[in-house]
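**Student:** Have a look at this fold, sequence not included:
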């Protein structure tokens, strides 16, 4: 048994009943259940439709995401999330680089690294090196003035925790940012890289070992074991190539507004919805969201 979920951006509720019912009828699905009128609906299926990716592509042009997943075990006990361009709308290192006057150059490296075109660790070292001499105080200013939360993040974390879940923020970025973001959003723990600082300025180096793709997988395995669950009971979300390991290992790996190379390797792709999509995918209705 499978569940087909259709969803869209809650800020632009364009999901129409005729779209849901037509697809349900074409695929011989069960009764449609509206999780949030205009935003998200689901119905059961006996088997995976052969043309699901053709239909997915057509719905993308309408601003609608389609996800089909096994019905069993949809509600997860662990949320493990990337931070940059996932829980927040920016890449922190790009914002720091902008303050250092090398923003465009660093942003170009970041984009290529996140699309899997560059080795993550080497690219991180190169970008951090360009921040050498930047005052440590700039970090607080960037957090205050430049960082904005991805819509739906508060509801996602709060709802999963209210249902007994655990939330971990695991980033290839920096602890100076994950600590602040984890605190604001209510994550239970956070892991990231450390910017080395001496005499109040960035040294241009990052603490070792570097938290990259393998470390995210390790975090998922370690946290799951500690909680007494399996990775299959986790939902992971990210957008970059360094997230692919944990997205593949988790029971539900969500590529959220992800780079093309990342989407190509993920069955769960959310390009229009916000972070509340992760709740709809678990079968939560809007009225079940925690405040």
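**Tutor:** Structure's in. What do you need? Predicted model only: the values in this text are computed from it and were never measured. Residues are numbered from 1 along each chain as shown.

**Student:** where's stretch 71-78 relative to the chain centroid, distance-wise?
**Tutor:** Distance, stretch centre to chain centre, for stretch 71-78: 17 Å (Cα atoms, centre = their mean, to the nearest Å).

**Student:** For it, buried residues please.
**Tutor:** For stretch 71-78, the neighbour count (16 or more other Cβ atoms under 10 Å) marks 74-78 as buried. For the C-beta atoms, the positions are set from N, CA and C on the backbone; glycine is no exception.

**Student:** Repeat that for stretch 78-91.
**Tutor:** The neighbour-count check on stretch 78-91 (16+ other Cβ under 10 Å) flags 78-88, 90-91 as buried.

**Student:** Ok, stretch 155-171 next?
**Tutor:** Neighbour counts using 16+ other Cβ under 10 Å place 155-161, 165-171 of stretch 155-171 among the buried residues.

**Student:** what do you get for stretch 275-290?
**Tutor:** By neighbour count on 16+ other Cβ under 10 Å, the buried set for stretch 275-290 is 275-282, 284, 286, 289-290.

**Student:** among the residues you listed, which are in helices?
**Tutor:** 277-280 (DSSP state H).

**Student:** Kindly reformat those as CSV containing distance to residue 105.
**Tutor:** What follows is these, written out as CSV (distance: Cβ to Cβ, whole Å):
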residue, distance to residue 105
277, 33
278, 34
279, 38
280, 39
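
**Student:** re the thing from before, and the buried residues of stretch 78-91, which of them are in strands?
**Tutor:** With strands defined by DSSP state E, the entries of the buried residues of stretch 78-91 inside them are 78-81.

**Student:** tell me which of these is nearest to residue 192?
**Tutor:** residue 81 (11.8 Å; Cβ to Cβ).

**Student:** Kindly list the longest strand within this structure.
**Tutor:** strand 166-174.

**Student:** So what does the residue of the chain most remote from its centre have for phi and psi?
**Tutor:** Of all residues in the chain, residue 199 has its C-alpha farthest from the mean position, at 35.0 Å, by Cα atoms, centre = their mean. The phi/psi pair for residue 199 (degrees, to the nearest 10) reads phi 50, psi 40.

**Student:** For it, give its distance to residue 106.
**Tutor:** As defined by Cβ to Cβ, to the nearest Å, residue 199 lies at a distance of 23 Å from residue 106.

**Student:** tell me which strands and helices whichever strand or helix holds residue 122 is in contact with?
**Tutor:** Assigned by DSSP states H and E, residue 122 belongs to helix 120-129. Counting contacts by 3 or more Cβ pairs under 8 Å, 6 or more residues apart in numbering; DSSP states H and E, helix 120-129 is packed against helix 92-99, helix 103-114, strand 201-206.

**Student:** rerun at 10 Å
**Tutor:** Applying 3 or more Cβ pairs under 10 Å, 6 or more residues apart in numbering; DSSP states H and E, we find helix 120-129 packed against helix 92-99, helix 103-114, strand 166-174, strand 189-193, strand 201-206, helix 213-227.

**Student:** quick one, it and strand 166-174 angle?
**Tutor:** 60 degrees (axes from the mean of the first three to the mean of the last three Cα atoms, to 10 degrees).

**Student:** can you list contacts of helix 120-129?
**Tutor:** 91, 93-94, 96-97, 102, 105-107, 109-110, 112-114, 117-119, 172-174, 193, 195-196, 202-206, 208-214, 240-242 (Cβ atoms under 10 Å, 6 or more residues apart in numbering).

**Student:** are any of these buried, and which?
**Tutor:** For the contacts of helix 120-129, a neighbour count by 16+ other Cβ under 10 Å gives the buried set as 91, 93-94, 96-97, 102, 106-107, 109-110, 113-114, 118, 172-174, 193, 195, 202-206, 210-213, 240-242.

**Student:** Which residues are in contact with the closest residue to residue 3 other than its chain neighbours?
**Tutor:** Once flanking residues are discounted, residue 3 sits nearest to residue 71: 4.8 Å by Cβ to Cβ, 6 or more residues apart in numbering. Neighbouring residues of residue 71 by Cβ under 10 Å, 6+ apart: 1-3, 42, 44-45, 283.
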